[in-house]
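Asks: Build me a model from this:
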Amino acid sequence: MSLHPIRQAAQFLLGVPTQGINPVLDRMLDLAQATPLCFVAVAGPDAGEAMSQLWRRGYQRVEAARRATCRAADEQSDVLLILGCETLADARAIAASTMSMLRPGGTLIIDAGAFLDEAPHRMLCDSLRDLGLETQPQAYLSAEILATRPWSRSRAA
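Replies: Below you'll find the predicted structure:
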């Protein structure tokens, strides 16, 4: 069973809209299979607007993720969304500085729609793998790149 109907049911039960204003954010939430019950961290130049939209949709456990600076913030987020990066270097830097906030098994989604060519998408996927995240073999084909933090790389393990 896909989580998409579960997400819609959770939104309906919480009384929040099931369709959003931002199609990129909608696709990112669908990829992450996120529900309003998830702990969501948001980073990047468009993080403020995304946080506002998430709150309006009923997501109450949302935080800004600028940089992981303390162990108390580590491994708390179910989903980490990175939005609005104009360059590959920016997306890499933000992913590297915030990924420790993602719990083992958590999902990182990067809005890579600003990178028009295939090469930056491939390089971003390679960078995410270098950081220890897992991506699907053809993740570079999408405008939103999904990566997961493997369970075996947990600090607690």
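
Asks: residue nearest the centroid of this protein?
Replies: Nearest residue to the geometric centre of the chain (Cα atoms, centre = their mean): Leu81, 2.7 Å.

Asks: which stretches of the chain form strands?
Replies: For the chain, strands defined by DSSP state E occupy the ranges 40-43, 62-64, 77-82, 102-111, 134-135, 144-148.

Asks: what about the residue nearest to the centre of the chain, distance to Ser152?
Replies: With distances taken as Cβ to Cβ, to the nearest Å, Leu81 is found 24 Å from Ser152. In short, each C-beta sits where N, CA and C put it, glycine included.

Asks: before we move on, what about Glu134?
Replies: Taking Cβ to Cβ, one finds Glu134 at 10 Å from Ser152.

Asks: which of the two has more neighbours?
Replies: Glu134 (14 against 8; other Cβ atoms under 10 Å).

Asks: which strand residues sit across from that one in the sheet?
Replies: Glu134 forms beta bridges with Thr148, as assigned by DSSP bridges.

Asks: Enumerate every residue touching it.
Replies: Glu134 makes contact with 147-150, according to Cβ atoms under 8 Å, 6 or more residues apart in numbering.

Asks: swap the cut-off to 10 Å and go again
Replies: Residues in contact with Glu134 (Cβ atoms under 10 Å, 6 or more residues apart in numbering) are 108, 128, 146-150, 153.

Asks: Tell me the buried residues within those.
Replies: 108, 128, 146-149 (16 or more other Cβ atoms under 10 Å).

Asks: Alright, that wraps it up for me.
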